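S.K.: predicted model and sequence below, questions to follow.
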Amino acid sequence: MKRFQQTVLLCLVVTFVAGGLLRSIARDGLPVTPKQAPGFYRAKLGAFDLIALSDGTAPRSLEQILSDPSLVRDELLADHEREPVQLSINAYLIKSGSHLVLVDTGAGELFGPSSGLLVANLISAGYRADQVDVILLTHIHGDHSGGLSIGGKRQFPNALVYVDHREVAHWLNKEEEQKAAPSARITFEQSQATVNPYILANRVIEIEGNSEVVPGISAQSAPGHTPGHTAYLVESQGHKLLLWGDTVHCAEVQFRHPAVTVQYDVDSREARQTRVRLLDSAATSGVLVGSDHISFPGLGRVRKTDGGYSWIPIPYTAAVTEIDPRP
Ligand SMILES: [Zn+2]
Ligand SMILES: [Zn+2]
């Protein structure tokens, strides 16, 4: 190629690249990117390392999914919030002395592109999925167990999955699926598609009652939202964290009005009783709570108020610090 042609080609390439770069610069001079920073938040819990992991968010109309639409409208209006509300999907990684434990797995491929980010955020935090050796499920629902498998393939090939035996008996049971309303059958199908690969590999251990599952982490039955819905109490050197799954779906409403239920509850009456019990207990003890659908990282405490409760998020810290300084 002649030098002139080479020069013209080089100019075209430079123009093309620079043009693309310039197009990606906003008018205020900041790069345009549709993504947030990786979603992980580190803290210490005694001798354990804790990393809250974001799986992303899911837009939901609270008026449609909660049991008291007019109350929801009033609360959102008072909060200057608009529908749909973005619900976080959070999970929690605990590095104990003996295990790398993941509590819930996000939605995987089930909830669309704004979620399913857990493994990418796990990698950004410095771990690989094949290093996770224990998975604790608060319950089987697409946004908690969905991340176990993608396209039928186990995403955590070296993990044992612990889940309450009532979850297995309900969601992985063809007879229960036949009894369910047609609109609820998709949940059974998704549950089976994502959990069964672990059953087939003999990697599921069913939890029976309140018990220590791995050193420092014990299961606490919290039924209602699903038959075997489970909270996990993480304890190290006197520091405590309660990971309570779907005890609260919508912080905007269910702290002030814990009697409000969500349409995903299998037994709304029992779910309400469990929520009130756990809210009251958390408000009395001051235990630190990790909550799967409260705005990421979903870590905070509960305060009792006149007629209800409120959520006190932990203060953000730039350095990795003890998350529960009151053992
Ligand atoms: Zn759920
Ligand atoms: Zn959920």
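M.R.: Thanks, I have it. Computed from a predicted model, the values in this text were never measured in an experiment. Ligands and ions are numbered 1, 2, ... in the order given.
S.K.: confidence score at the closest residue in space to residue 265 that isn't next to it in sequence?
M.R.: Nearest non-adjacent residue to residue 265, counting by Cβ to Cβ, 6 or more residues apart in numbering: residue 271, 4.2 Å away. The way it works is simple: take the backbone N, C-alpha and C, and place the C-beta from them, glycine included. If you check residue 271, the pLDDT there is 98.
S.K.: by proximity to ligand 1, which residue of the stretch 1-150 of the chain wins?
M.R.: Proximity of the stretch 1-150 of the chain to ligand 1 (Cβ to the ion) peaks at residue 141, 3.5 Å away.
S.K.: residue contacts, that residue?
M.R.: With contacts defined as Cβ atoms under 8 Å, 6 or more residues apart in numbering, the neighbours of residue 141 are 187, 191, 226, 246, 264.
S.K.: quick check: the fourth one touching residue 293?
M.R.: Yes. With contact defined as Cβ atoms under 8 Å, residue 246 and residue 293 form a contacting pair (6.7 Å).
S.K.: residue 213 falls within a strand, correct?
M.R.: Yes. Counting by DSSP: H, G, I helix; E, B strand; the rest coil, residue 213 is found in a strand.
S.K.: didn't it look like it was pressed against residue 219?
M.R.: Yes. Here residue 213 lies in contact with residue 219, judged by Cβ under 8 Å, at a distance of 5.4 Å.
S.K.: who's more crowded, the two?
M.R.: residue 219 (22 against 18; other Cβ atoms under 10 Å).
S.K.: quick check: bridge partners of that one?
M.R.: Taking DSSP bridges as the rule, residue 219 bridges to residue 211, residue 232.
S.K.: what residues does the stretch 201-327 of the chain put near ligand 1?
M.R.: Contact residues (Cβ under 5 Å from the ion) of the stretch 201-327 of the chain with ligand 1: residue 246.
S.K.: the strand ranked longest in the chain - contacts with which helices or strands?
M.R.: As assigned by DSSP state E, the longest strand anywhere in the chain is strand 48-60. Using 3 or more Cβ pairs under 8 Å, 6 or more residues apart in numbering; DSSP states H and E, the elements in contact with strand 48-60 are strand 40-45, strand 85-95, helix 118-124, strand 230-236.
S.K.: closest one to ligand 2 among those?
M.R.: Nearest of those to ligand 2, taken as Cβ to the ion: strand 85-95 at 7.2 Å.
S.K.: paired strands for the closest one, with orientation please.
M.R.: If you go by DSSP bridges, strand 85-95 pairs up with strand 48-60 (antiparallel), strand 100-103 (antiparallel).
S.K.: quick check: which of those strands is buried the most?
M.R.: Mean neighbour count, computed with mean count of other Cβ atoms under 10 Å, is highest for strand 100-103 among the strands paired with strand 85-95, reaching a mean of 25.
S.K.: show me which residues of the stretch 151-300 of the chain sit near ligand 2.
M.R.: Contact residues (Cβ under 5 Å from the ion) of the stretch 151-300 of the chain with ligand 2: residue 246.
S.K.: now do 6 Å
M.R.: By the rule Cβ under 6 Å from the ion, the part of the stretch 151-300 of the chain lying against ligand 2 is 246, 292, 293.
S.K.: the closest residue to ligand 2 within the stretch 1-150 of the chain: how many residues sit nearby?
M.R.: At 4.3 Å from ligand 2, residue 143 is the closest residue in the stretch 1-150 of the chain, using Cβ to the ion. Using other Cβ under 10 Å, residue 143 has 27 neighbouring residues.
S.K.: spatially nearest residue to it (excluding sequence neighbours)?
M.R.: That would be residue 107: by Cβ to Cβ, 6+ apart, it lies 4.5 Å from residue 143.
S.K.: this structure: helices as residue ranges?
M.R.: Secondary structure of the chain (DSSP state H): helices at 3-23, 62-65, 69-78, 118-124, 142-145, 165-171, 174-179, 185-200, 251-254, 268-285.
S.K.: which of those helices is buried the deepest?
M.R.: Highest mean neighbour count among the helices of the chain (mean count of other Cβ under 10 Å): helix 142-145, with a mean of 27.
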